[in-house]
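1. Sharing a sequence plus its predicted fold:
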Amino acid sequence: MSEPLTAPRRALRRYARPAAAGAGLLVALALPFYLDRFWLQAGLFAMAAAIGAIGLNLLTGATGQLSLGHAFFLAVGAYGYCALAGGDEDGLTGLGLPTTVAAAGAVLLAGLAGGLLSPIAGRLSGAYLGIATLALIFIGQHLLFNADDLTGGYNGRAVPPLELFGYRFDDSEDVLLNVPFGAAEKLWYVGLALLVAGALFARGVLRGRPGRAMNALRDHRIAAGVMGVPVARLRAGVFVLSSMYAGLAGVLIALVFQRTVPEYFGFVLSLEYLAMIVVGGLGSVAGAVLGAAFVSLLPQVFMRYSESLPLVSATGDGGVAPGEASRYLYGAAVVAVVLFLPGGLARLAPRRRTPEKEEPSDAEDAVQTQTPAHPA
């Protein structure tokens, strides 16, 4: 039996994580002053991937619903922003809305697309839902390549820079503390704010009543339904929420890329997002962020240091391309996690001790939250 914690040790355990999170946030805020454009863009891609992975983790990790169409909703967010914010300068369809309104509208469009599929998501589960969402990828690719007036076809379309209160997040350089700030430096703080807000919201959902109902549904669907959890409605709602997270990630990816291309939003991207949540840890917000950083940064690191890494070289030079090498590595990481670390990278972090008072189980708490109390 372990010794009881003293008051100072309890206080240290209580404040260690918030202090570490605050220190990490301060470091992240200072990074644009020290990193070059390459690493800032890589970090922005990781932030966008983390936002999308959090949404997929709510659906797959917390609720147990398999989705292979996540890339479709990222495309809806990216191209929705371009269509809502862009004009008709290039002969493409555009409404010319303010960019902040267009970004919010693109997220809502992704949620609407998820809502159209939510009746199916509410009634299907497992491989059946995975096959149904896989069809979205082929539909989306067909539309992106052939709806030339809206998407620009194979060449894609330019992304209007974000503008907030008259300040443009573009490549026009501003100087802050003797450091030139371009688009990457400016967008860094936008991506960081969106990631923190999305992570905190998802954490609140998972730790609240909806999260406990989602876990009960994942662990035993029939028992959860018998005990009062609205199975179809909950599945549909989480599917819409996951789609909106993907739409937000798509908007950020478009802003960083500065040009949308259809090939990016293919089936491989959906598989990468599944790899993110498996490597990081299913059902964990921190795991989704860790997995997204691992999977999205590997190709960038291999590309940066391809000349000094064995068997890795630029495309066409006879070795393994950086993108292929990264897929081999995080594919092996998925196998290793499944075999030796089922909880993912999030399990490597020290965990809090369970409180002395016994907490109710997920299924019992879900019943209490979903079953109304009868008047005396």
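-> Structure's in. What do you need?
2. so how many other residues sit close to residue 237?
-> For residue 237, the count of nearby residues is 19 (other Cβ atoms under 10 Å). Heads up, the C-betas are built off the backbone N, CA and C, glycines and all.
3. which stretches of the chain form helices?
-> Taking DSSP state H, the helices of the chain run over residues 7-30, 37-56, 70-85, 99-123, 126-146, 148-151, 183-207, 209-219, 221-226, 231-257, 267-280, 285-304, 322-340, 362-370.
4. Which strands or helices does the longest one pack on?
-> Put plainly, it is helix 231-257. Identification of packing neighbours for helix 231-257 by 3 or more Cβ pairs under 8 Å, 6 or more residues apart in numbering; DSSP states H and E yields helix 37-56, helix 70-85, helix 99-123, helix 183-207, helix 209-219, helix 221-226.
5. okay, these, which one's buried deepest?
-> Comparing the helices and strands packed on helix 231-257 by mean neighbour count (mean count of other Cβ atoms under 10 Å), helix 70-85 comes out on top with a mean of 29.
6. That one to helix 99-123, inter-axis angle?
-> For helix 70-85 against helix 99-123, the angle by axes from the mean of the first three to the mean of the last three Cα atoms, to 10 degrees is 150 degrees.
7. tell me the mean pLDDT over helix 70-85?
-> The pLDDT scores in helix 70-85 average 94.
8. Stretch 247-256 now?
-> Averaged across stretch 247-256, the pLDDT comes to 95.
9. List the buried residues for that stretch?
-> Within stretch 247-256, the residues that qualify as buried are 247-256, counting by 16 or more other Cβ atoms under 10 Å.
10. Sort out which one of those lies nearest residue 340 for me.
-> residue 249 (29.4 Å; Cβ to Cβ).
11. confidence score at the closest residue to that closest one other than its chain neighbours?
-> Computed as Cβ to Cβ, 6 or more residues apart in numbering, the closest residue to residue 249 that is not its neighbour in sequence is residue 52, at 3.5 Å. Per-residue confidence (pLDDT) for residue 52: 95.
12. Quick check: residue 52 vs residue 332, distance?
-> As for residue 52, its distance to residue 332 is 23 Å (criterion: Cβ to Cβ, to the nearest Å).
13. Would you single out the least confident of the helices of the chain?
-> helix 362-370 - the lowest mean pLDDT of these, at a mean of 47.
14. For residue 314, give me the pLDDT.
-> Model confidence at residue 314, given as pLDDT, is 62.
15. With residue 308 instead?
-> pLDDT for residue 308: 71.
16. Residue 29: how many residues sit nearby?
-> 12.
17. ok, it - contacts?
-> 189, 192 (Cβ atoms under 8 Å, 6 or more residues apart in numbering).
18. can you tell me how far it sits from residue 258?
-> Distance from residue 29 to residue 258, by Cβ to Cβ: 24 Å.
19. Find the nearest non-adjacent residue to residue 153, please.
-> residue 145 is the one closest to residue 153 (Cβ to Cβ, 6+ apart), at 6.1 Å.
20. actually residue 35, not the one I typed
-> residue 43 (7.4 Å).
21. Also residue 298?
-> Leaving aside its sequence neighbours, residue 298 sits nearest to residue 326 (Cβ to Cβ, 6+ apart; 3.8 Å).
22. how near is residue 329 to residue 67?
-> For residue 329, the distance to residue 67 - Cβ to Cβ - is 24 Å.
23. what's the answer for residue 234, then?
-> Residue 234 sits 15 Å away from residue 67, going by Cβ to Cβ.
24. who's more crowded, the two?
-> residue 67 (27 against 21).
25. For the more buried one, give me phi and psi.
-> phi -130, psi 130 (degrees, to the nearest 10).
26. Spit out the contact partners of the nearest residue to it once chain neighbours are set aside.
-> Closest residue to residue 67 apart from its sequence neighbours, by Cβ to Cβ, 6+ apart: residue 133 at 4.7 Å. Listed by Cβ under 8 Å, 6+ apart, the contact set of residue 133 reads 66-70, 72, 117, 121.
27. quick one on the thing from earlier: nearest to residue 262 among the helices and strands packed on helix 231-257 would be which one?
-> helix 70-85 (7.7 Å).
28. Let me know the angle separating the closest one from helix 37-56.
-> Going by the same axes, to 10 degrees, helix 70-85 makes 110 degrees with helix 37-56.
29. With just CA atoms, put helix 70-85 into CSV.
-> The C-alpha trace of helix 70-85 is given here as CSV (Å, rounded to 0.1, in the frame of the first residue of the first chain):
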residue,chain,number,x,y,z
HIS,A,70,-12.3,13.1,-42.5
ALA,A,71,-10.3,14.5,-45.5
PHE,A,72,-13.6,15.4,-47.2
PHE,A,73,-14.6,17.7,-44.3
LEU,A,74,-11.2,19.3,-44.4
ALA,A,75,-11.7,20.0,-48.1
VAL,A,76,-15.1,21.5,-47.3
GLY,A,77,-13.5,23.9,-44.8
ALA,A,78,-10.6,24.9,-47.1
TYR,A,79,-12.6,25.3,-50.3
GLY,A,80,-15.6,26.8,-48.4
TYR,A,81,-13.3,29.6,-47.1
CYS,A,82,-11.9,30.3,-50.6
ALA,A,83,-15.4,30.4,-52.1
LEU,A,84,-16.8,32.6,-49.4
ALA,A,85,-13.9,35.0,-49.1
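30. and it, what does it pack onto?
-> Using 3+ Cβ pairs under 8 Å, 6+ apart: helix 70-85 touches helix 37-56, helix 99-123, helix 126-146, helix 148-151, strand 157-158, helix 231-257, strand 259-260, helix 267-280.
31. Format those as a markdown table; extra columns: distance to residue 17.
-> A markdown table is the format used below for those (distance: least, Cβ to Cβ, whole Å):
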| stretch | distance to residue 17 |
| --- | --- |
| helix 37-56 | 18 |
| helix 99-123 | 30 |
| helix 126-146 | 35 |
| helix 148-151 | 44 |
| strand 157-158 | 42 |
| helix 231-257 | 24 |
| strand 259-260 | 38 |
| helix 267-280 | 17 |
